[in-house]
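Asker: Curious how this folds, go ahead:
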Amino acid sequence: MAGMSDDAIDRVRGICLGLPEAAEQAFGGHTAPSFRVRGKFFVMTSEDRTAITFKGGPGVQEALVSGDPERFYVPAYVGSKGWIGARLAGDPDWQELTELIEDSYRMIAPKRLAAQLDPGR
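Answerer: As a prediction, the model looks like this:
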């Protein structure tokens, strides 16, 4: 299972680091990868590397958690601020997770950087 979760974290890493000015940086005494843009978190991984948390827009947390509570959950500490947890076990929907990670980035990144994800707008 460790290899499976490492593969998933590597995939999350690739998605996150493909975003403008994204950087990987652990926080505090944690060793799990976390991803920031200009010093602000947009994705965090669990210490056991089986889940990620990311920021969601209004109503997104409730929709995801109520729609698929096996995959999505309200994380401790940051859940009250709209963050969403996603379990990486099994066969995650990588297209959906990529979109959710990009949405989290858009909410956290400065507007100029976030606009780089939508060059046609």
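Asker: what secondary structure does residue 62 sit in?
Answerer: State at residue 62, reduced to three classes by DSSP: H, G, I helix; E, B strand; the rest coil: helix.
Asker: Next: residue 15.
Answerer: The local conformation at residue 15, judged by three-state DSSP, is helix.
Asker: and it, what pLDDT?
Answerer: Per-residue confidence (pLDDT) for residue 15: 97.
Asker: So it sits against residue 99, correct?
Answerer: No. Taking contacts as C-beta atoms under 8 Å, residue 15 lies outside contact range of residue 99: 9.9 Å. For the C-beta atoms, the positions are set from N, CA and C on the backbone; glycine is no exception.
Asker: Mind checking which of the two has more residues around it?
Answerer: Taking neighbours as other C-beta atoms under 10 Å, residue 15 and residue 99 compare with residue 15 leading, 20 against 12.
Asker: now this protein, which segments are flagged as low pLDDT?
Answerer: Filtered on pLDDT under 70, the chain yields the residue ranges 1-5, 120-121.
Asker: in it, which spans are strands?
Answerer: If DSSP state E is used as the criterion, the strands of the chain fall at 22-24, 34-37, 40-45, 51-55, 72-73, 83-87.
Asker: Export these to CSV and append columns for mean neighbour count and distance to residue 65.
Answerer: As requested, the strands of the chain are exported to CSV (neighbours: other C-beta atoms under 10 Å; distance: least, C-beta to C-beta, whole Å):
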stretch, mean neighbour count, distance to residue 65
strand 22-24, 15, 26
strand 34-37, 21, 22
strand 40-45, 21, 17
strand 51-55, 25, 12
strand 72-73, 20, 5
strand 83-87, 21, 7
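Asker: Residue 105 is nearest to which of those strands?
Answerer: strand 40-45 (4.7 Å; C-beta to C-beta).
Asker: For the closest one, enumerate the helices and strands it packs against.
Answerer: Under the contact criterion of 3 or more C-beta pairs under 8 Å, 6 or more residues apart in numbering; DSSP states H and E, strand 40-45 touches helix 2-17, strand 34-37, strand 51-55, helix 94-108.
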